[in-house]
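Engineer: Coordinates only, no sequence provided:
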């Protein structure tokens, strides 16, 4: 399964979101994004997911990371892209919370394993 993640940096901080209760990996943190649907590109997916989850329009930039991760019941290919918010105000629509964190603070959050690997690869945090 192909999944996308947005790396959005403003004022030296990166946007992360907390997964909602009742779903898979509830309460864990991730870079916002989601599953690529049939017929859409990863970039289109990222724009759609950010609108659905956080209520913002983004401009998707270049690819900055890729992580393959195996869960007991699922293998994901996580593609990370630089992105910038171009319109809207962040709202917690399909997430419990969002946070602007300094890259050095990311290791303090319960990031999903593939997101933690992205944070290591992109920002140099410990895994």
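Structural biologist: Done, it's in. These figures come from a predicted structure and were not determined experimentally.
Engineer: Next up, the contacts around the spatially most central residue of the chain.
Structural biologist: In the chain, the residue lying closest to the centroid (Cα atoms, centre = their mean) is residue 31, at 2.2 Å. If you count contacts by Cβ atoms under 8 Å, 6 or more residues apart in numbering, residue 31 has them with 5, 6, 7, 14, 15, 16, 17, 80, 115, 118. All C-beta atoms are positioned from the backbone trio N, CA, C, and that covers glycine.
Engineer: mind running it again at 6 Å?
Structural biologist: Listed by Cβ atoms under 6 Å, 6 or more residues apart in numbering, the contact set of residue 31 reads 5, 6, 115.
Engineer: how far away is it from residue 88?
Structural biologist: According to Cβ to Cβ, to the nearest Å, residue 31 stands 18 Å off from residue 88.
Engineer: Also residue 115?
Structural biologist: Residue 115 is 23 Å from residue 88, by Cβ to Cβ.
Engineer: ditto for residue 32
Structural biologist: 13 Å.
Engineer: more crowded one of the two?
Structural biologist: Neighbour count, other Cβ atoms under 10 Å: between residue 32 and residue 88, residue 32 has more, with 24 against 13.
Engineer: Correct me if wrong: the more buried one contacts residue 19.
Structural biologist: No - here residue 32 lies out of contact with residue 19, judged by Cβ atoms under 6 Å, at a distance of 10.2 Å.
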